[in-house]
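Peer 1: Got a sequence here, can you build the structure:
(chains A and B)
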Number of protein chains: 2
Amino acid sequence: MAGFKLQLLDLEADGDLAALNPATASEIGAVAGGRVAIGCRGSLYGARVILAPSIGKDVVAVTKTLYDRLRDCSLVEVKPLEFPESFDALRRRLRGEPLSESDYKRLVGDIVAGFYDEAQIAGFLVSQVFNPLGSDELSYLIRAMVETGVVVKFPEVVYDEHSIGGVPGNSKVALLVVPIVASHGLLIPKTSSRAITSPAGTADTMEVLARVTFTPQEVHDIALRTRGVIVWGGALGLAPADDIFVRVERRLDIDPTTQMVASILAKKLAMSVTRLVVDIPFGSGAKVETEDAAVGLASLFLGQAKRLGLTMRVALTYGGEPIGVSIGPALEAREALETLMKGEGSPSYVEKACSLAGLVLEMAGVAPRGQGYGAACEALRSGAAYRKFREMIEAQEGDPDVKPEDIRLAREEFTLAAPRDGVVSSISNRAVSLAARAAGAPGDKGAGILLHAKTGHRVRKGDPLLTIYASSKARLHEALRIIEESNAVVVEGVVVKVLP
Amino acid sequence: MAGFKLQLLDLEADGDLAALNPATASEIGAVAGGRVAIGCRGSLYGARVILAPSIGKDVVAVTKTLYDRLRDCSLVEVKPLEFPESFDALRRRLRGEPLSESDYKRLVGDIVAGFYDEAQIAGFLVSQVFNPLGSDELSYLIRAMVETGVVVKFPEVVYDEHSIGGVPGNSKVALLVVPIVASHGLLIPKTSSRAITSPAGTADTMEVLARVTFTPQEVHDIALRTRGVIVWGGALGLAPADDIFVRVERRLDIDPTTQMVASILAKKLAMSVTRLVVDIPFGSGAKVETEDAAVGLASLFLGQAKRLGLTMRVALTYGGEPIGVSIGPALEAREALETLMKGEGSPSYVEKACSLAGLVLEMAGVAPRGQGYGAACEALRSGAAYRKFREMIEAQEGDPDVKPEDIRLAREEFTLAAPRDGVVSSISNRAVSLAARAAGAPGDKGAGILLHAKTGHRVRKGDPLLTIYASSKARLHEALRIIEESNAVVVEGVVVKVLP
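Peer 2: Numbering: from 1, shown residues only, chains lettered A, B, ... in the order given. Next up, the predicted model:
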């Protein structure tokens, strides 16, 4: 088992691979597609096995991330991992049993070590779809996720705002909230995620304007200097189990409620956040469809906050149609920048951002209860938020002088016109999201949808309703097909029906 | 998208891989670990993407199975597969909704084409753990599994016997049943599986004595000549979705009831079986623990049999401890061969095999109701079954003259002795299974456990209780640890307790 030479395998997959000679694999009992533990001196990491006749018999060739982790091993041991030691815990959860604190420590530790494959992680996630974690289980999971990663500490109180997402156009809200809050001097080092099932995550959108991938030390230092940052949580090693969960959730296009709460709170605790505003948008086609469900989710968050020592306020916000007028990373970055520069913008966008930022200001005592919204709007209107945002862009190695028109959109575009005179009576979250993804977002940052009219707006036949931006004609057509077939934007005549 | 040169990728994984140059991948929108559809003229197959800088920019290199499938394409098209078209059906099932006949046709078709990854397939399987398929769904799934594969047709009535398994030592039962039934002239072309969560599947055990991998045409021809075969179902292309499901079930160590029924019946229908005996062993540590649960499962089978036009009898059998004295492919093959040669053997083994074979004989009218058992035992006792088994081994390219002592067992062995005088009061199915797997079964065919005493047997202190066979000392120790820690074999004094 011990004593393999380590080589770099010049392949890239979405997890670590270990290539073995078929004869070696057979000797040690490893099978193609199975997992092995590799390491030295008791530090073992998991990898997926592929067989390669070209590899020497005394060699194991591993992909870059694992190779770097094993750099200090002169020789490595390789042993097949049929089931990780913590697997009995997963078995019990699949039988509907709740797991203990030590189960979660072991399970999450083994997941972070790479001992679980995607099918097994899918098993854990899908178990939550049908049998959500209980309150105890959820706290155990969150703590285990925090403990298995980096924790960034700050010498003062850390604030944050986080939306559960699920409404198209929402990724740009933080691009207003963070500079507003930071412009009032509060520390708000926001880590955000990339899109899971939506066309844009806040990290995707911020990345259009600045770098979002930093080391924990860099984030710490930048945040203390600028008071606000917006970075990608995935690269920081905060609650790294989350990134593994997210990868599998994306494959399954699921986002189980208890796992979502765990992901959000674990990332926040790992950044030492102690005062948090959570935004739960609800409405048709959002993650949460009804107010009752939103209230239920809010209690789940508040219950966990209490257990975990977080001060939290939860805002239930209107999520029945897209936020602002843009959907997709580049389009949303452009709308955010325009809004910050002008100090005003689309009402649904500005009101939401000022409300959430206002709650943070109230939590901090910067504004009295009920006056946070005004204080936040003032920071936006006065240009203080824009000046802070420029500082943030610069600190994150972007161009602070960037103009909205500098932001590159996808090459192919098509504008859909109103089929009649009338009023926009509804815009479908789901159709707009699907179409923006079909157009290429978030992978292609320039792809997405720009809305020219929102619910309640009067339009004349031929007026533009929305423009689709896509990276190829095929993607453009697919996005348009979705928009048309699903009746994404409904225009109704003012006179709805005339009886005989 | 079209026009890539095809190359053979000399790697082996547990599904197809497609290696692309990173620049090419980025251009077509494929990501490492994601899936692409590859093919020409509308025939597309899925593969998992890996990125390899050494691959030419106009080339896609694919693993052997896929390469063979694409042999007739001069150039291939490659396109990213975010979600297969049928994915909406999986989404609905994950929301707890039942699926329609056309959903199953599309879903299973896409799974067989390789468009689903393991996490997604795990999602489908785990949904069944928490929300079993309804009767309609189950029939749709079974039919879709049959229709997406090869169907072997015979010019006469086809019989079969199938156990749901889950009891250690059970894989050898078919090695008696099939030759007994065939020796009475009935056609019984048994396809069997390899172990999913157990130490040996019937295919693993038969493979110790003969080849089990044939083409459908070969199985057809051999069966018509010998009347009985025992082959591995996986290589025949019968209900190929099943092999994909099983691969993922093995990873998750689950075997959801409705999927198990689908797997068994789809494979049987694909072999044109119309008269089937199903064995449901029940007892502590078996798949089915109580008689009530066994009766429930029997109705599930009988309900589906009615819908699918199968004549079926279901036997509920005692499964509270291992069948016979051997667990593991080589040990079980040896016990089967000894029993056939002597015409007698371990009572739990012989009685079970004769009972099941007897039910088949009764179904065929070869024996009147109630007399099948006797007719089956007679075939065993008289040597007719052994002669038939020799024919089968020969037809399946094994050595018909093989003797039990020729069968090679694993090198390392350890015999556990009785700790006291007394009576064996229980043998744990679960501990024996786990220990046999820890010893290396079924991957290492020679590994397993031989029981020297069974429940009710009197032993003296120091008498052998069981012997573990393993391929390495490490595996031997692990198996022994499991046996000892779980109290796998309990010996109680005849006087259980003396009150003061």
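Peer 1: Only C-alpha atoms from now on, for both contacts and neighbour counts.
Peer 2: Will do.
Peer 1: how about the residue lying closest to A:R106 once chain neighbours are set aside, what does it touch?
Peer 2: Excluding the flanking residues, the one nearest A:R106 by C-alpha to C-alpha, 6 or more residues apart in numbering or on different chains is A:S86, at 5.5 Å. Contact partners of A:S86, counting by C-alpha atoms under 8 Å, 6 or more residues apart in numbering or on different chains, are A:D103, A:R106, A:L107, A:D110.
Peer 1: Next, find the distance separating the residue minimising distance to the centre of chain A from chain B.
Peer 2: By C-alpha atoms, centre = their mean, the mean C-alpha position of chain A lies nearest to A:S193, the distance being 2.6 Å. According to C-alpha to the nearest C-alpha, to the nearest Å, A:S193 and chain B sit 18 Å apart.
Peer 1: which residues touch that residue?
Peer 2: A:G201, A:T202, A:A203, A:D204, A:W232, A:G233, A:G234.
Peer 1: circling back to that earlier point, show me the contacts of A:S86 that map onto helices.
Peer 2: A:D103, A:R106, A:L107, A:D110 (DSSP state H).
Peer 1: closest to chain B among those residues?
Peer 2: Closest approach between the ones in helices among the contacts of A:S86 and chain B, by C-alpha to the nearest C-alpha: A:L107, at 14.0 Å.
Peer 1: Quick check, pLDDT for whatever residue of the stretch 301-450 of chain A ends up closest to chain B.
Peer 2: Residue of the stretch 301-450 of chain A nearest chain B, by C-alpha to the nearest C-alpha: A:G443 (8.0 Å). The model reports A:G443 with a pLDDT of 87.
Peer 1: what kind of secondary structure is it in?
Peer 2: coil (DSSP: H, G, I helix; E, B strand; the rest coil).
Peer 1: Same question for A:V229.
Peer 2: strand.
Peer 1: could you pull out the helices for the stretch 1-150 of chain A?
Peer 2: A:22-28, A:64-69, A:87-94, A:101-112, A:118-130, A:135-147 (DSSP state H, counting those that start in this stretch).
Peer 1: Most neighbours of all the ones in helices among the contacts of A:S86, which one?
Peer 2: A:L107 (26 neighbours; other C-alpha atoms under 10 Å in any protein chain shown).
Peer 1: Name all residues that make contact with A:V212.
Peer 2: With C-alpha under 8 Å, 6+ apart, A:V212 has these contacts: A:A203, A:M206, A:I230, A:V231, A:W232, A:Q396.
Peer 1: ok so, going back, any idea of the pLDDT on the residue nearest to A:R106?
Peer 2: 96.
Peer 1: Over to the residue of the stretch 201-350 of chain A found nearest chain B: give its phi and psi.
Peer 2: Closest residue of the stretch 201-350 of chain A to chain B, C-alpha to the nearest C-alpha: A:L252 (5.4 Å). Here is the backbone geometry of A:L252 (degrees, to the nearest 10): phi -90, psi -10.
Peer 1: Next one: the closest residue to it other than its chain neighbours from B:V366, what distance?
Peer 2: Closest residue in space to A:L252, ignoring its immediate chain neighbours: B:Q120 at 5.4 Å, by C-alpha to C-alpha, 6+ apart. In this structure, B:Q120 and B:V366 are 47 Å apart, going by C-alpha to C-alpha, to the nearest Å.
Peer 1: chain center to stretch A:468-486, what's the gap?
Peer 2: 24 Å (C-alpha atoms, centre = their mean, to the nearest Å).
Peer 1: Any chance you could give me that stretch in PDB, C-alpha atoms only?
Peer 2: Listed next in PDB are the C-alpha coordinates belonging to stretch A:468-486 (Å, rounded to 0.1, in the frame of the first residue of the first chain):
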ATOM      1  CA  ILE A 468     -32.000  38.700 -25.000                       C
ATOM      2  CA  TYR A 469     -28.100  38.700 -25.200                       C
ATOM      3  CA  ALA A 470     -26.500  35.400 -26.100                       C
ATOM      4  CA  SER A 471     -23.100  34.100 -27.100                       C
ATOM      5  CA  SER A 472     -24.300  32.200 -30.100                       C
ATOM      6  CA  LYS A 473     -27.300  32.200 -32.500                       C
ATOM      7  CA  ALA A 474     -28.300  28.700 -31.300                       C
ATOM      8  CA  ARG A 475     -28.400  29.900 -27.700                       C
ATOM      9  CA  LEU A 476     -30.300  33.000 -28.700                       C
ATOM     10  CA  HIS A 477     -33.000  31.000 -30.400                       C
ATOM     11  CA  GLU A 478     -33.300  28.600 -27.500                       C
ATOM     12  CA  ALA A 479     -33.700  31.500 -25.100                       C
ATOM     13  CA  LEU A 480     -36.300  33.100 -27.300                       C
ATOM     14  CA  ARG A 481     -38.200  29.800 -27.700                       C
ATOM     15  CA  ILE A 482     -38.400  29.600 -23.900                       C
ATOM     16  CA  ILE A 483     -39.600  33.200 -23.600                       C
ATOM     17  CA  GLU A 484     -42.200  32.800 -26.300                       C
ATOM     18  CA  GLU A 485     -43.500  29.300 -25.300                       C
ATOM     19  CA  SER A 486     -43.800  30.200 -21.600                       C
END
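Peer 1: for chain B, what are the nearby residues on chain A?
Peer 2: A:10-15, A:29, A:32-34, A:49-53, A:91, A:94-95, A:118-123, A:126-127, A:129-131, A:248, A:251-253 (C-alpha under 8 Å from any C-alpha of the partner chain).
Peer 1: picking up where we left off before, most neighbours per residue, which of the helices of the stretch 1-150 of chain A?
Peer 2: Most buried of the helices of the stretch 1-150 of chain A by mean neighbour count (mean count of other C-alpha atoms under 10 Å in any protein chain shown) is helix A:118-130; its value is a mean of 24.
Peer 1: quick one: it to chain centroid distance?
Peer 2: Taking mean C-alpha positions (C-alpha atoms, centre = their mean), helix A:118-130 and its chain are 19 Å apart.
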